[in-house]
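Chemist: would you be able to build a 3D model of this:
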Amino acid sequence: MTDPIVRSATAADARTIAEIRVASWRATYVGVVPASILERMDVARNEAWIAGRVADPQGRSTLVVEDTD
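Modeler: Numbering: from 1, shown residues only. I've put the predicted structure just below:
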């Protein structure tokens, strides 16, 4: 087994990150966040938000991913 490679996320990673984000919120916050909010979470809207975050060179945080290729 090789060591994982952790790298900064790119716009190409935005869809996968968005899918994981929406699924994890829906699984984790049941009973904490109103169901109507969890149901309204949208992968495409999250993808656009994430793509904007990784494209912003002045951002205050860095999104990282594990590269399994």
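
Chemist: for the most centrally placed residue in the chain, which non-adjacent residue is closest in space?
Modeler: Most central in the chain under Cα atoms, centre = their mean is Ile17, positioned 3.1 Å from the mean C-alpha point. Closest residue to Ile17 apart from its sequence neighbours, by Cβ to Cβ, 6 or more residues apart in numbering: Ile50 at 5.1 Å. Heads up, the C-betas are built off the backbone N, CA and C, glycines and all.

Chemist: before we move on, what about Val22?
Modeler: Counting by Cβ to Cβ, 6+ apart, the residue nearest Val22 is Met41, at 4.8 Å.

Chemist: can you give me the strands in the protein?
Modeler: 5-8, 64-67 (DSSP state E).

Chemist: for the first one, which helices and strands make contact with it?
Modeler: Packing contacts for strand 5-8, counted by 3 or more Cβ pairs under 8 Å, 6 or more residues apart in numbering; DSSP states H and E, involve strand 64-67.

Chemist: mind listing the strands the strand it packs on pairs with, and their directions?
Modeler: strand 5-8 (antiparallel) (DSSP bridges).

Chemist: need the mean per-residue confidence for the partner strand.
Modeler: Throughout strand 5-8, pLDDT has a mean value of 88.

Chemist: buried sites along it?
Modeler: By 16 or more other Cβ atoms under 10 Å, strand 5-8 has no buried positions at all.

Chemist: how about stretch 54-63?
Modeler: Going by 16+ other Cβ under 10 Å, stretch 54-63 has these buried residues: Val54.

Chemist: and it, what's its mean pLDDT?
Modeler: Stretch 54-63 comes out at a mean pLDDT of 76.
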